[in-house]
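[1] show me how the following folds:
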Amino acid sequence: QAQLVESGGGLVQAGGTLRLSCAASGSIFSINTMAWHRQAPGKQRELVAVITSGGSTNYADSVKGRFTISIDNAKRTTYLQMNSLKPEDTSTYYCAAVVNIVPGSPRFYWGPGTQVTVSS
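    Now for the predicted structure:
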């Protein structure tokens with residue numbers, strides 16, 4: 001089993017910055033991808049950014065140029081640097097990962113989420 005724990009959420013003014021972290025732990029053989037999703041009240045959960053263990057990234061159009069995802073494979077941790085935050089970025093942010101507990105057997109995990117609130 002693997003566990004994901006997010007940290008770094010909070011309250012920030014519009015135009016401000018936050019850095020989220022997500023650490024994976026447990027009996028992990030390897031990590032395929034790590035990602036950040038978000039869900040605002042009454043809305044569907046949406047993908048924000050994803051990164052492979054090799055460093056390839058992809059972003060939602062709404063955050064391109066403002067958010068940067070990175071990964072530290074040795075620490076099994078992904079980071080989401082969020083700059084120029086807007087009130088519409090207010091959401092619960094969830095970390096997700098595809099990990100191999102044993103070689104060739106990928107499984108998907110969610111973290112419990114961390115709240116990001118951007119005030120206008």
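[2] ranges for the strands of this structure?
    2-7, 10-13, 18-26, 30-39, 46-52, 57-59, 67-72, 77-82, 91-100, 106-110, 114-119 (DSSP state E).
[3] tell me where the model's unsure across this protein.
    Within the chain, no range satisfies pLDDT under 70.
[4] any idea which of the strands of the chain is most buried?
    Comparing the strands of the chain by mean neighbour count (mean count of other C-beta atoms under 10 Å), strand 77-82 ranks first with a mean of 22. C-beta coordinates here come from the backbone N, C-alpha and C atoms, glycine included.
[5] from the chain's centre, how far out does it sit?
    Its chain's C-alpha centre lies 6 Å from the corresponding centre of strand 77-82 when counted by C-alpha atoms, centre = their mean, to the nearest Å.
[6] give the contact list for the most centrally placed residue in the chain.
    In the chain, the residue lying closest to the centroid (C-alpha atoms, centre = their mean) is residue 36, at 2.6 Å. Residue 36 is in contact with 20, 22, 47-50, 69, 78, 80, 93-96, counting by C-beta atoms under 8 Å, 6 or more residues apart in numbering.
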